[in-house]
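J.: Just a sequence and a predicted model for now, questions to come.
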Amino acid sequence: MHRLRQAKIVATLGPASSEAATIRAMFDAGVDVFRLNFSHGSHEDHRRRYEQVRSVERQRSRPIAVLADLQGPKLRVGRFEGGSVELLAGQDFLLDRDPAPGDGRRVQLPHPELFAAATPGQALLLDDGRLRLVVRHNDGERLHTRVAVGGRLSDRKGVNLPDAAIPIPALTPKDREDLAFALALGVDWVALSFVQRAADLVEARELVGPRAWLLAKIEKPAALAELPQIVQQADAVMVARGDLGVEMPPEAVPGIQRSVVRLCRRQGKPVIVATQMLESMVSAPVPTRAEASDVANAIYEGADAVMLSAESASGRHPVEAVAMMDRILRQVEADPDFTTTLATARAAPESNEADALCAALRETTGVLKARASVAFTTSGHTALRAARERPAVPILSLAPSEAIARRLALAWGVHSVRCQEVPGSDELVALAGRHLLGEGLAAPGDLFTLVAGLPFGQAGSTNLLRVARV
């Protein structure tokens, strides 16, 4: 069962998509990666959803990736006596360390890191940027601020300090507990929230090891200063436009998205564009035309995947949202200009055997008008470098490792299949032909190209390019 498109769909599971029948329908409608959002739900909720995904995987005989998205260091104000207060523009407001319930003049800010980072003149954003305070004085125990943009502020609303790199750990105690649980479940990807520096990924990698691949979420302005290093350290990247849109001016986000996608394309790292893509489908059965254009533009820019958040987790139409996204993606890829756009944006191969052979794979496939490309991969590296080239035909990835086959479900154009080990190149060609037929990617007599590494089973040894017939 292969998709009739190259770009991938990530969908978040939640209260609206916890039943087995719904998850199965979402997969059939087009989901390639299911996301477990650890900002919400209990471990038991996530375990149940994970098991449902694996049940669908067995029923459909196709590897499905599961992404565990850690909450990260979310900063919040304390509580108020009446649950909320109304702040007026121009008034003074105090944030302090006192745990007593707040009122219209003050509230607790239980984060020493913010007191260490805030300086006079900086903006302090509350409730996803709906309220804006300006720091006037910081004495280490109290932030004296003036309200620039007022509104109602209620218990435990989020706090953002966009003009400073906040010295907070990449993984909170909750994240560490959630990470241990997710890895024990067997998730394929771990998303690290609020990444600020490449060192955040190094720290997470020490805990994760080879058990999953790491995805860096770009949602803090501080991350942009180290973006090349962050992309280098990550296995994939997400443009998380929700918090990024709070901390950056809205008009800056499209340009940032485009820059991140381009950099990931150059480095050959899968990149997801996320947040509010089909937001109106949380309640409506169809998206706005602007939302459809937003999804399409992400694919035109070269993103590997687009993501549904509330639309599939808590919305009224989770299956319809997936189906709509699938239709948009297929419409984009049917556009003759799409192939031209991808070719124009293609980065030059790096000076190594894998890139040289994968560039030759794309060129050979085009010249011979082969029906498909095949990448035999032990570590996933060969398939990812082939995907970086954006060939005009599907890439059948054959991986002896079930874990690698699942992880590659996120990569552009990769149709991932788990296969048995093979002793030699002739056996591999025969195996590839059988899978191409079985997956409906080619017919008897069709040409295909194949890239692999000899000796088989040795990661990072891509050195074989062959042309064969099914």
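T.: Structure's in. What do you need?
J.: Tell me the first helix or strand C-terminal of the longest helix along the chain.
T.: Using DSSP state H, we find that the single longest helix of the chain is helix 43-60. Where DSSP states H and E defines the elements, the next helix or strand beyond helix 43-60 is strand 65-69.
J.: name the helices or strands packed onto that following strand?
T.: strand 33-37, helix 43-60, helix 173-185, strand 189-192, helix 402-407 (3 or more C-beta pairs under 8 Å, 6 or more residues apart in numbering; DSSP states H and E). Every C-beta, even on glycine, is put in place using the N, C-alpha and C of the backbone.
J.: Swap in 7 Å and give it another go.
T.: strand 33-37, strand 189-192 (3 or more C-beta pairs under 7 Å, 6 or more residues apart in numbering; DSSP states H and E).
J.: Ok, which of the ones you listed comes nearest A432?
T.: Nearest of the helices and strands packed on strand 65-69 to A432, taken as C-beta to C-beta: strand 33-37 at 24.5 Å.
J.: following the lowest-mean-pLDDT helix or strand in the chain, which helix or strand comes up?
T.: Across the helices and strands of the chain, mean confidence by mean pLDDT, DSSP states H and E is lowest for helix 336-345: a mean of 84. Where DSSP H and E defines the elements, the next helix or strand beyond helix 336-345 is helix 353-368.
J.: what about the next helix or strand after that following helix, average pLDDT?
T.: For helix 353-368, the following helix or strand on the C-terminal side (DSSP H and E) is strand 372-376. On average, the pLDDT along strand 372-376 is 96.
J.: sorry, back to before: quick check: which helices or strands does the longest helix of the chain pack against?
T.: Counting by 3+ C-beta pairs under 7 Å, 6+ apart, helix 43-60 packs on helix 20-29, strand 33-37, helix 173-185.
J.: Show the contacting residues for I168.
T.: Applying C-beta atoms under 7 Å, 6 or more residues apart in numbering to I168 gives the contacts P73, E113.
J.: Going by secondary structure, it is in what exactly?
T.: Counting by DSSP H and E, I168 is part of no helix or strand.
J.: Quick check: it vs R76, distance?
T.: 13 Å (C-beta to C-beta, to the nearest Å).
J.: for T340, same thing?
T.: For T340, the distance to R76 - C-beta to C-beta - is 47 Å.
J.: domains for the protein, by residue range?
T.: Following automatic domain parsing, one gets these domains for the chain: 8-72+170-337, 84-160, 348-469.
J.: quick one: low-confidence ranges for this structure?
T.: Scanning the chain for pLDDT under 70 picks out 1, 457, 459-460.
J.: What's the local residue count around E44?
T.: If you count neighbours by other C-beta atoms under 10 Å, E44 ends up with 8.
J.: where along the stretch 151-300 of the chain do the helices fall?
T.: In the stretch 151-300 of the chain, the helices defined using DSSP state H, counting those that start in this stretch lie at 173-185, 198-208, 221-225, 227-233, 241-247, 253-267, 289-300.
J.: What's opposite the closest residue to R49 other than its chain neighbours in the beta bridge?
T.: Counting by C-beta to C-beta, 6 or more residues apart in numbering, R49 lies nearest to L13, which is 4.6 Å off, once chain neighbours are set aside. Assessed by DSSP bridges, L13 has beta-bridge partners L36.
J.: who's in contact with L13?
T.: With C-beta under 7 Å, 6+ apart, L13 has these contacts: I23, F34, R35, L36, R49, A313.
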